[in-house]
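Novice: Fold the stuff below for me.
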Amino acid sequence: QVHLVESGGGLVQAGGSLRLSCAASGRTFSNYAMGWFRQAPGKEREFVAAVSWNGSSTYYAEFVKGRFTISRDNAKNTVYLQMNSLKPEDTAVYYCAAGGLVTYTPGVHYWGKGTLVTISS
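Specialist: Numbering: from 1, shown residues only. Reported below is the predicted structural model:
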């Protein structure tokens, strides 16, 4: 079992930045690829970004490329999502995910409970 706890969400103006963190506990963190998904009101959960177990490979949804950066620190059992140039359409609950292939929801083994990000225009 892996327990994931997100933090760093909040309210910012459009154009601003936030950094989300996800702290993991339980089974060996470095065994898993890690990712971030988001879910806006009335919409399905969608993939945002993922990082391989050792941080050497990263993957992004088209709508965040160039604005968001995912990274991980295996010594701290933590994955991060740096979000810049935020837009109102980035408003959503952001979920941390762990698994073997976390670029789509069926590949996720463990979910966090989410952190709310609200971008005002």
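Novice: In space, not sequence, find me the middle residue of the chain.
Specialist: With distances taken as CA atoms, centre = their mean, the chain has Trp36 as the residue nearest its mean C-alpha position (2.4 Å).
Novice: does it sit in a helix or strand, and which one?
Specialist: strand 33-39 (DSSP states H and E).
Novice: What is the subsequent helix or strand relative to that strand?
Specialist: The helix or strand immediately downstream of strand 33-39 is strand 46-51, counting by DSSP H and E.
Novice: what's next to that following strand, contact-wise?
Specialist: Contacts with strand 46-51, where a contact means CB atoms under 8 Å, 6 or more residues apart in numbering, come from 33-39, 57-61, 64, 68-72, 79, 81, 94, 97, 102-105. C-betas here are computed from N, CA, C, even on glycine.
Novice: surely the residue nearest to the centre of the chain meets Ala92?
Specialist: No: the criterion here is CB atoms under 8 Å, and Trp36 misses it with Ala92 at 10.4 Å.
Novice: What's opposite the residue lying closest to Ser71 once chain neighbours are set aside in the beta bridge?
Specialist: Take Ser71 and drop its neighbours on the chain: the residue closest to it by CB to CB, 6 or more residues apart in numbering is Tyr80, 5.0 Å away. Listed by DSSP bridges, the beta-bridge partners for Tyr80 are Ser21, Ser71.
Novice: what's the neighbour count on Tyr80?
Specialist: When neighbours are defined as other CB atoms under 10 Å, Tyr80 has 19 of them.
Novice: For it, give me its contacts.
Specialist: Contacts for Tyr80 (CB under 8 Å, 6+ apart) come out as Arg19, Leu20, Ser21, Cys22, Ile70, Ser71, Arg72, Asp73.
Novice: Leu18 now?
Specialist: Contacts of Leu18 (CB under 8 Å, 6+ apart): Gly8, Gly9, Gly10, Val12, Met83, Leu86, Val117.
Novice: Now render these as a markdown table, adding neighbour count.
Specialist: As requested, these are exported to a markdown table (neighbours: other CB atoms under 10 Å):
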| residue | neighbour count |
| --- | --- |
| Gly8 | 16 |
| Gly9 | 17 |
| Gly10 | 13 |
| Val12 | 16 |
| Met83 | 26 |
| Leu86 | 21 |
| Val117 | 22 |
